[in-house]
Each structure stands twice: as structure tokens, then as C-alpha cells.
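Undergrad: From the sequence below, what's the structure:
(chains A, B, C and D)
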Amino acid sequence: MPRLPGFVSQASRASLRAASTATSSIPHSASPSFADELDPKSILADKDLSTIARAIGCSADDLTAFPNPTVPAGGEPLITARQLTMPAAMRPPFLDWRVQMKPASLKSKKFRNTYLSPIGLDGAFREALEILGKDRDTKYVQVLKLQSKVDAIKAQFGVLETNEITDIKARSEAYLIEVKIEKLRILAELSNPEVIAQFERGRADMQFPVYRYLARKKWEQIPRAQLVDRLENMHVIPDTMPYIKPTVDLRVRFPGPTAYWFDPGRILSTAVTAQVPEFQINTFEDKTSRYTIVIVDPDTPDFANDSYKSTLHYILSDIEIHGNKPDVDTEASTVVVPYLPPHPEKNSGIHRYAVWLFEQPDGERLAIRQRGSKEIDNSKLLDRDEFDIRLFRSAYGLKAVGAHLWRNKYDSQTEAVREKFGLGQGTVWSRARIQHY
Amino acid sequence: MFFLRRSLATSATADALAIESDSGSPAKEFKIMSGVILSRPPIITPEQTAFSKAYYHYQSELYKRMSWTFPYWFYYPKGTLAENEYTRVQPKLNEKDPDVLFNRDRNSKQDVVFPPRSVQRETEESARIYAKIVPNPRTTIADEENNIRSLERKLDRTLYLIVKRDGESLEWSFPATTIESGENLESSSTRMLAQYGGEDMNIFLVSGTPALYYKDVYESDGKYEGAKIFYLKSRIFNGLFKPQKESGIVDYAWLTKEELSSYLDKQYWRKVAGALSKQ
Amino acid sequence: MSLHQLSSMFWRRSQTIISRTAFQSAAVSRIPQPLHNFEVSGVKFTHGSLEVTRGKRTKSGGSSPQKIRLVNMLSLIGRVRKAPYRLKLSYEDLLRHRTIHRAWQLVKRQERESRNTELMTQYQKIQVACDELEKASPELFAQAMDKPKSLRFPPEYRIPTETPPNVSWDSSWKKATLPQVK
Amino acid sequence: MAFFKPSFGTDLRRQSTAFFQCRSLHSSAPQFKSPVSIVHPVHHRVRYKKSILHPKYQTLLTIPKWDPRSHLFKPQAVQPSRVKTHWETTLAPDLMLANYSHNELKLRGRKHQEWDGSSPYHVNRPLRSPAGNAMATPDILPRTFRTVPFVTSIWVNTFNHRAVTEHAERNIPSTVMIQQITGVKPAPAYSGVSIMQWRLRKERNVGAVVEIKGAKKDQFLATLVEVVMPRVKDFQGIANSSGDKFGNISFGLDPEGVRLFPEIEGNPDLWSGITGLNITFVTTAQTDPEARLLLSSLGVPFYGRERFHNVPNLDGTKQTRKKGVVYYENSQE
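TA: Numbering: from 1, shown residues only, chains lettered A, B, ... in the order given. Below you'll find the predicted structure:
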């Protein structure tokens, strides 16, 4: 009969260690662990080591020997206590999965009681944890070494930030090392089951590079592909901007009781879209920068040219986004052009409303950047009726990093929206045969 | 290095192949020598780590769980005596259980119990063939005694032969000799092995191409400035290395790569280690 | 091809030999039934062969030993009624499985890298040795490079076993002495 | 713009872009469409598989193979492979040394040749066949630590003559036999030719074939070399003339040899009408002699006079060296 592996909480682990070693130097995160929420009963307040060992079904020696990732089996400690204080912030703890019990994720009592883990899973898992723990420690030692290198370079120039280093060669060297550090910190935690569990339960703390990495990978797998596919199929590119390579996840929703982050290209009711949309910007990077959001409708009929023109609906600029806080604060940002609710004319077909996300240069406030001798006509830049998004982008020196899209057509609510916002009487278009030759 | 000059001086002959050194006058020469890295390949598979043992156990249990039901109706055809014997020894499962099919619970692995083989155990040969196999232990007496001269030690590792030859300062090294006239690397090393260790070794010279080069510079003045040694690689499969009387071999040892590091001179080890296999 | 995937490929091929419906109906039924007991409908044994007569039923299930043997043999190939249920793991166990898999990959990668480095160093040693030999003595170098066209390794190269043979080392090996030819 | 007429010519691409730029309100717009099919230009730099967007396939495509939830999941390594370990620890260094040749350069194989353009019919004509050979040959790379040969897979197939002369069902025992010996599910083999004298027609099911890879390949190889080959009566080995010139060696086992596989030998009375096997070792060796050296190191015996096909003999042939590559002219020319 196989033994059924389960979880033990960090708190109980800490108490175990406190009981076993008087000088415990391993930091623990204050946040409740994955196991705590699953089964509060699993928290063992018992400090008597042998009692716990008996409950688990192993010897007390085994319990103290495992897992102590800072001390490899039969060797000197890889990380000293002094060093541990520094990388504590970047060390999400290894979950100690020791207590044997039925899996808490199975909600049905019947399944939980009849469930059997595969034979040999527990033993192999313990050995695997030991190996991965050792590997993680070596990676953190490398991180510390590299960090001290960067610190030495910074101290040499007497600065605190890498981008303040005046010497180009030294700065690029410091940047390269920092990239390496980021990579090592991701690799060190990528095999940690605790990390995966936290991430999949939506508890990711974006200050850790590994969570940012996982979030990016998850976004790249389907949502980004879907976005790009819709933008291409619905000809948002090149009808508005010529091309895109999205690096930032932009989410859009309209406030209300049933608000949801809709997927790009959805046809919405004009009543829903009459409200100012809410945004979320996931940069997957630990940096602070400013963004501009522009909403355009490229499907406004242009009879004079027998074509279509773009209408500007919204410009929100100077959106400050910190790496781990994705929500857009509209009040803290600048509304350059207030939101115009979509109100398609009858018989003018389905209108696309393209949301473009631009990164402002060098994290500065939105300002016109004069380049070359050609003068920019400021009056036409923000013209609602004849808006040129490409001109706007180049005038302000912006960089397109994300996009989104929704669609509207004339529906039963459109007249109400017109009335509510005072948009005047609509026109009804109809087709007419024209002699071409 | 000092030791090689001393140890190899005995076999140096007047008509040895020699070349001039690059250092110019006074014209001194480097002796060209051939050597052999004689090794015994592993006889048993490498020792497994605790993790790989646990991993293979887990994987094989999963494999059994996912394996198909044993088709007993093919191996024990219906109506035969064999079928009776087979069904008799099987654990009986509840056939009304919908999870059970062909006497196998489809939620777990199947443990097939095979009936004892109906073999006439009269002859001595059949008794020997069908006797239960008892595997030999992976460690031998030579391992327990740590007999470094035995070829039966460390069966899962490659063992390398090093020798210690007569001279004032005794140092361990791979066997080497001076190339005599009319010889090439291959023939001189074959000759040397027979000279040093006797004829009764089943040896295979992997190639006439040298696998390792070592340049030895003599410290004291002499006829030669030093020696250039080219080592060939060879394997031993049977027989023993028995030091011959006139060869001047004082001691010899069969060692693994990491053991060699403590026996060989540091500088020599640094140059030589790259040509050896860890396992 | 995975165990799960071992498909009904052979059934498609063997449709001309044995009608498929009989097996399908047997597979659907919940009552366990050994293969040699149920009827193979529409199969007639003529001239030592199984031939298809679709839509016909055999009267008393008179299956001959040859037919049973062939049907049993066919049952070895397909997964029908032999495959166990799908493996279903709890979320915790899936995470553990992932952890084990990552550790295994890590170990394998480290092994592979160290092995490749070792082989590369050995190759470089050979290169250096050949370069030096060419400089030291072109004649010896030419002889070392002059290999026989047909190379073979001796059969004594033995694949290692998990436990040693009864005689782990043949110490009494003697060099064969050729008989004197008069 | 209204009189824009597409024409066949070199600037089709420009025309198609022009078409996309002149969007019109009117239903008569299709008259501007290009008369040829146009691949839509892509305006993004993201690579993705279209199928992953289909909700039906998302779970199938996003779950990796090692995950037990995947339909492709199968426990791969159930025990360490003896043959693989042997190759890694002992054979690879020895083979590297034995095959070594100093300062070797890449040897360019015979390739298809360009026409000289002397005739107007040379335009768009398929390339000339290689000099002295109907088939192009691959380049031979220098023997380094990266090109040490190993056995990648083994193909085993059987031909059952009784399936031709009597009934297709005769294939069943030989198919099952191959499966039991190799542990891999066989695929049916069909005849490629019609031979009237044998009553063989094209595309008839005449046997079975498997490709063995990975751990099962090693297991099969070890069984063949250690259990079967030493006990086959009057077995000399594989003919030295065997090989396809590019490092793949084939040989045949007669029914008596097949009976020596433990899977068959254990229950001899269950198997009637055993057929022989054709076995092919697929190796990464670049020439046949190298492949034979590799197999001999694994314990496979060889006999007879050796054939040296595709082993270029550079003595006396005209050769040129350019940028680390040796170009040689065929001596047969």
C-alpha cells in the first residue's frame, strides 16, 4: 500500500526547526502558504520532534536532516548566514511537503478517501527536492557573486542606479550582469513546486522575476497569439498602425455589474461601450514607465474621398505603471482628449475600435518631439474627425507596445446613447448605384 | 621533470630517435618516447544515485500501471493443463466489479503470478538452467581489501595502469619507453608492454594515433634536454600485468581517474587528466 | 507511439479477415468475457482460412482451434479490452510529478554536459599529440596516420551487466602459442 | 484610380499593396481585385500556431508530453540502458580515436549541377545529376567529438511468402511475432512490385515492419548480440559487403535464428510458421566501414571481403581546397 504524500505548512516547518535548532537562520515568508489554505488542520503546533516524526512515519533524525537547502549533504554551507539576509527578498520558500494525508485539492469526499497516489512518487519527489534545492543554492551563490560585481562597478562611479553610470563600457557591462542575474533568479525558482502552486492559484507576487517570467509565458502562449491573429484578420494592422510586436499585455473592460476583461474583437452593445473603459497594463518587467492609450475608429465613412477616415475617441496619457501594479489609475493620468462614446451611423457597417498602447520615451511626460526641419501642424494632431494615428505617434515619439480591439454596430441602444451624451441626430446611409465609366 | 629522466635512463639506447631542440646552441635534443595508457573498461554498469533509483522505481511503477492486461488466453490456451495451473495461482478478484476485466483491476497495475514451470528436473543440466539465479555481489574481495594491484576492484569504473620504475626518485607514471631504431609508436609500445608486464595479457591497441602528448624537461644537464612522450591508448580484457625481472618495475597499480590525482605528480596530472575518462 | 495511442490501426487493416462488429459489441458490454468464449460472427473457416461472410451468424459457435489461435493472436495487437483506465492524478501529485521531471532533466543535462566536455578535451589532446608528433618526427607521424583500411574492434568489448559474471576477471589467460609447422 | 488595371508582370506585389490601400465604399470594388491569388501580407512579428487558437485543441496542444494529463504521456525511462552507458563510457572515446584523422576537412559530396546556360532550354530545367552518380551524396564531415557514430534506430521487417500464396491472414503470426520480439507495435508492409511467377501483386499486405528506437532499441540490440547471434548454427556474422554506402547495415536472420529469441524460445509450441527477419541498423556513421567498426565494437561479428563504397580514395584524384572544404573530382570520369 503506497503512502499518501501531503503537505506541511511553513509555520509548522518553522516550529519544527525552532525546536530542532536553536539558531535558525532561514527566513520564511509571512504570507500564508499554499497548504495553509487547503487544509488548516494540517498545521501542527506540536513542538515535540519525535511526536511529529511518529505522526509522519519517519525518524526524528530524518526530519531534522531534511530539507535544509542551505547546507548540502556532507559539505560546508553554500550560503552563510550573513549572505542569507541579503537575498531573502528573492527567495520564495520551498514548500515542505512532508505530512502524509489525502490530497486537499480533491473536493469530493468520496474521491479524496479513495484516491491513491502512484507508487514511488513520494520517494522520487523527496530525492528530486534535494537535488533541486542544491541546484537552487548554487544559483543563488552565483547571483550573490554577480551582484557584488555590479555593486563594485556602481561604487566605482559613486552612483546608486545602473543607468547613472557615466562610462558607456562600464554601464553596458553592469547591464549585462544584471540580465544574467535576472535569468539566474528565474532559473533558480522555476522548478520550485511552491512557486508553481502560488502562480496557478493567482497568488503570484510580481516582484519576483520567476512570477513575471511565468506570467509572460502564459500570456505569450494563447492571449498574445489571439490578439495578433484578430488584429491581422480584422485589418487593424495596417489600417491604423502599420505593424506591431506586442510586448505588453493590455486588458480592457467596461465598468458595470458584469464587467469582464473581454477578448479582442468582440462585438459589444453601444450601451455598454458608452462608459469610459477601464484598463490593465501588465508589463512583466520590474520597471516604472509612462504610457499613452489611444482609441480610434478607422471605419468612419469619408464621402469626399470615396473612402474611410479615422475618428479619435480617446487619448489618455501619462499613465504611470509600476512593474507589479497593473491597474490604470485614470485620475492620476492626463485625459488629453475625453472619451467619445461609439455611436455608429445606421447602415455604416460594423465599426472597429482599436485601442493602442504607446510607451512614452524615457518615461517622461507626453510632449511633442520635433525631429528634422519639418514643422508639425499642432492643430491637426488631435483633430477628432480627421485623426492620423501614425502622425500622432511620430510627433510625440511614441512606441507601440500593445493593442486591443472591440467592435460596435448600430443597435437598439445607439439612439439612447446619442441622446444621453448629446451627440445629435444620426444619419441613415443607403447605397446608390454610381456609373463608373 | 626529474623522475622520468631517472626512471627511463635504463632503457635509453644510443641509437634512439632524437631531434634538436628549438633553443639553438648548445645543440641539445629531446628524446622521443612512446607510452601506453592501458586501461580496463568497466565490467558492470555504473552505480546509481539515490535519485535515479527512486526515479526508475517511480517510472516503472507508472509503466506497469499503464500497461495492458496480460493476455493469458494466448500464453495459456483454454482447455490445457497450463491454463488450469495458471488460474489456480492467480489472486481472485471480484468479477462483478465493473472495474475488473480479465481478472485485472483497471485502476491499478497488474501483478501476474506465473505458475511454477513444469520442467522435468531429472537431468543435472535442466536443474542448473532452471535454478533460481542469484546475482553476484557488485563489490568484490579486492574492493574490501582495497587491493590496488588487482584488476577485480571497482568493477563499474575504468581502471588505469600506472607503474613505478627503478631509479633514485621513485614516481608514478604511465609506462613509457624509448623508441628504438626501426620501431614506430605502435610496435615500441607493444614491445614495452611485453617487456614490462609479460606476455600473458589480452591487450587491444585502440589505434596507432597518439591520444596524449607530454613534454618532459630535464632539470639537470645531460645528453638530452628532455623527452617528448606520445601515449597510445589500449585496453586490457584478460590476463594480468606481472612485472618482469629485468624491466625495473618496482610497483604498479590499477586506479580510477580520481585516485590517480593523488598518486601522480601534480604537474604531470594536470597535463594527463584531460585524456582520461571519469567513469 | 504511446500506449494510449496504440490505435485500432490493425483493426482497419484486418477488416477483410475478421468482421469488426463482433469485437466492438464485446468491448462495449460490461460483462467480462474471455476472448475465446464469445462468438466471432460472420467468420467461416474454409480451407484453412478465415473468410468474411458479412451478415451471417454462426449457429452453434463451433470455433476450431486454428481460429481461436488466430483470434487470440490478433487480440495481442489491439488495445481493445486490455488497456487500463486513464491515469488521473490529483493536483498535488501533478505538481510532484512535475518537480521530479524537472530534477531528472537537470541531472541528465548536467551529465550530458560533463560527458561532452570530457570527450572534447580528449579530442583536443589527440589533436595536440598529433601536431607535436608531426613536428617532432614526420616519419613516426606518417606511420601513426597510416591506418589499415578495414578496422574492427575485438569481440572482447563486452556490454557491462548490472552484476558481475561468475568469473569477474580471467587471470589465467595465456597467450596462444602457435603450433610449430615442420 | 478608377481605371487602375492590374497587369501580369514583375510588380505584382506592389499592385496587391495598392489594392489594399484603395478601399472603397462601393460594391463594385471587386473589379479592382487582382486576378491572381495573393498571399496576405503579415503585419506583425509574432510566431504562433494557428491551431492553438481553436478552443477544441487548446488543452491538447498546451499540455506538454511529460504531463500525465497529456494523451501522449508515457513513462520513458524505466531502467538505465546498458548499451547507451557502454557507448558513453567506453566506446565513444575509443571510436573517436580509431576514426581520427589529422587536420581533416569537410569533404564535399557529389551534388546536382547547374546547367551551363548554353541552350535556351536550360532555363527552368531540373538540375543535372551529379557527376559519375545518379544520386547526390552527403558531405563527409571531419571526425570530431561531435561526429562519433552511434546506432539511432533499428528497423525490423518480415516477408511472409505464405501470405502471398495462401491467404493474407498468414501475416498475423509473423506480425505478432515481431511485436513480441521488439516490444513495438508493427505496421503492415505492402509489396511494391508485381511478380507474376510468385503470384505476387502490387500493394498486397505481405509482411510487417517496425522501427525500434530508444531504450527498446538498446534492449533488442543486446538480446541480438548476447543471446541470439552466438547460438545461431554456422553463423559467420554479417557480410562485410552489406551496407547502403551511408552507414546503414542490413542483414537477415533465418527462421531458426528467430526461434532463439527468448520471447519465442520460451513458448515454442505457440508459434507456428515462423518467418525470418530482415534487420537494418541505422547509424550516424558517415560511411559503411565506420558503421561496421561501430557494430563490431558492440559485439556484432563480420565476415567476408570488405566493400569500400562511398569511401573516397583521394590518392591521385584532383582535389581543390577552399574555406575548409575539400572538393574532389570523381576518378571514374
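
Undergrad: Where does pLDDT dip in chain B?
TA: B:1-27, B:117-122, B:167-170 (pLDDT under 70).

Undergrad: same deal with chain C?
TA: For chain C (pLDDT under 70), the answer is C:1-63, C:180-182.

Undergrad: All the strands of chain A, residue numbers only.
TA: Secondary structure of chain A (DSSP state E): strands at A:249-253, A:266-267, A:278-282, A:289-302, A:307-321, A:334-337, A:351-359, A:399-408.

Undergrad: Mind giving me the packing neighbours of the fifth one?
TA: Secondary structure elements in contact with strand A:307-321, counted by 3 or more C-beta pairs under 8 Å, 6 or more residues apart in numbering or on different chains; DSSP states H and E, are strand A:278-282, strand A:289-302, strand A:334-337. To be clear about C-beta, it is placed using only N, CA and C from the backbone, and glycine gets the same treatment.

Undergrad: that older thread, redo the strands of chain A as CSV? Include mean pLDDT and mean neighbour count.
TA: Below are the strands of chain A laid out as CSV (pLDDT from 0 to 100; neighbours: other C-beta atoms under 10 Å in any protein chain shown):
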stretch, mean pLDDT, mean neighbour count
strand A:249-253, 96, 21
strand A:266-267, 96, 11
strand A:278-282, 95, 19
strand A:289-302, 94, 21
strand A:307-321, 94, 20
strand A:334-337, 94, 15
strand A:351-359, 97, 24
strand A:399-408, 96, 22
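
Undergrad: Please tabulate those in JSON lines, including the columns distance to B:Met33.
TA: Shown next, in JSON lines, are these (distance: least, C-beta to C-beta, whole Å):
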{"stretch": "strand A:249-253", "distance to B:Met33": "69"}
{"stretch": "strand A:266-267", "distance to B:Met33": "82"}
{"stretch": "strand A:278-282", "distance to B:Met33": "69"}
{"stretch": "strand A:289-302", "distance to B:Met33": "69"}
{"stretch": "strand A:307-321", "distance to B:Met33": "72"}
{"stretch": "strand A:334-337", "distance to B:Met33": "84"}
{"stretch": "strand A:351-359", "distance to B:Met33": "69"}
{"stretch": "strand A:399-408", "distance to B:Met33": "68"}
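
Undergrad: count of neighbours near D:Tyr57?
TA: Neighbours of D:Tyr57 under the rule other C-beta atoms under 10 Å in any protein chain shown: 13.

Undergrad: which element is it on?
TA: helix D:55-62 (DSSP states H and E).

Undergrad: buried sites along whichever helix or strand comes after that helix?
TA: Using DSSP H and E, the next helix or strand after helix D:55-62 towards the C-terminus is helix D:82-86. Within helix D:82-86, the residues scored as buried using 16 or more other C-beta atoms under 10 Å in any protein chain shown are D:82-83, D:85-86.

Undergrad: Just send the residues you listed back as a markdown table, with distance to chain C and pLDDT too.
TA: Shown next, in a markdown table, are these (distance: C-beta to the nearest C-beta, whole Å; pLDDT from 0 to 100):
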| residue | distance to chain C | pLDDT |
| --- | --- | --- |
| D:Arg82 | 5 | 95 |
| D:Val83 | 6 | 96 |
| D:Thr85 | 7 | 96 |
| D:His86 | 5 | 96 |
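
Undergrad: per the record, what domains does the chain have?
TA: No chain in the question, so chain A it is. A:10-215, A:222-420 (automatic domain parsing).

Undergrad: Actually, chain B is the one I wanted.
TA: Split by automatic domain parsing, chain B gives B:8-45+B:138-275, B:50-129.

Undergrad: pLDDT at D:His167, what is it?
TA: The score at D:His167 is 82. That number is its pLDDT.

Undergrad: In the stretch 51-200 of chain D, what residue comes closest to chain A?
TA: Minimum separation of the stretch 51-200 of chain D from chain A (C-beta to the nearest C-beta) falls at D:Leu53, amounting to 5.6 Å.

Undergrad: from what I can see that residue touches A:Ile222, true?
TA: Yes: when contacts are counted by C-beta atoms under 8 Å, D:Leu53 is listed as touching A:Ile222 (7.2 Å).

Undergrad: Do a quick rundown of the helices in the stretch 51-200 of chain D.
TA: D:55-62, D:82-86, D:92-99, D:161-165, D:171-182 (DSSP state H, counting those that start in this stretch).

Undergrad: Figure out which of those helices is closest to chain B.
TA: helix D:92-99 (4.8 Å).

Undergrad: before we move on, the earlier item: now the domains of chain A as CSV including distance to D:Ile195?
TA: Conversion of the domains of chain A to CSV gives the following (distance: least, C-beta to C-beta, whole Å):
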stretch, distance to D:Ile195
domain A:10-215, 53
domain A:222-420, 53
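
Undergrad: Quick one, which of those domains gets closest to D:Tyr100.
TA: Closest approach to D:Tyr100 among the domains of chain A is made by domain A:10-215 (35.8 Å; C-beta to C-beta).

Undergrad: Can you tell me the centre-most residue of chain B?
TA: Geometric centre of chain B, nearest residue: B:Pro41, 2.1 Å, by C-alpha atoms, centre = their mean.

Undergrad: And A:Pro103, how far from chain D?
TA: Using C-beta to the nearest C-beta, to the nearest Å, one obtains 14 Å as the distance from A:Pro103 to chain D.

Undergrad: picking that back up, most packed of the domains of chain B?
TA: Mean neighbour count, computed with mean count of other C-beta atoms under 10 Å in any protein chain shown, is highest for domain B:8-45+B:138-275 among those, reaching a mean of 18.

Undergrad: just checking, what packs against the top helix by length along chain C?
TA: When chain C is parsed with DSSP state H, its longest helix is helix C:91-136. Packing partners of helix C:91-136 (3+ C-beta pairs under 8 Å, 6+ apart): helix A:121-157, helix A:193-200, helix B:50-66, strand B:212-217, strand B:224-239, helix C:138-145, helix D:92-99.

Undergrad: Could you confirm whether the fourth one reaches chain D?
TA: No: taking C-beta under 8 Å from any C-beta of the partner chain as the criterion, strand B:212-217 and chain D are apart, separated by no less than 10.4 Å.

Undergrad: same thing with the second one?
TA: No: no part of helix A:193-200 sits near chain D under the criterion C-beta under 8 Å from any C-beta; the closest distance found is 12.1 Å.

Undergrad: That helix - what's its average pLDDT?
TA: Rounded mean pLDDT across helix A:193-200 is 84.

Undergrad: Can you list the buried residues in that helix?
TA: So helix A:193-200, judged by 16+ other C-beta under 10 Å, has buried residues A:193-199.

Undergrad: Closest one to B:Gln195 out of those residues, please.
TA: A:Pro193 (62.1 Å).

Undergrad: how close does that closest one sit to A:Ile350?
TA: Separation of A:Pro193 from A:Ile350 (C-beta to C-beta, to the nearest Å): 47 Å.

Undergrad: Likewise for D:Ser194?
TA: From D:Ser194 to A:Ile350 the distance is 61 Å (C-beta to C-beta).

Undergrad: Also A:Lys287?
TA: Applying C-beta to C-beta to A:Lys287 and A:Ile350 gives a distance of 38 Å.

Undergrad: Those two: which has the busier surroundings?
TA: A:Ile350 (12 against 9).

Undergrad: Once you drop chain neighbours, what's closest to that one?
TA: A:Lys409 (4.6 Å; C-beta to C-beta, 6 or more residues apart in numbering or on different chains).

Undergrad: my guess is the one you found meets A:Ile267, correct?
TA: Yes: between A:Lys409 and A:Ile267 there is a contact at 6.7 Å, judged by C-beta under 8 Å.

Undergrad: Pull up the overlap in contacts between the two.
TA: A:Ile350 (C-beta atoms under 8 Å, 6 or more residues apart in numbering or on different chains).
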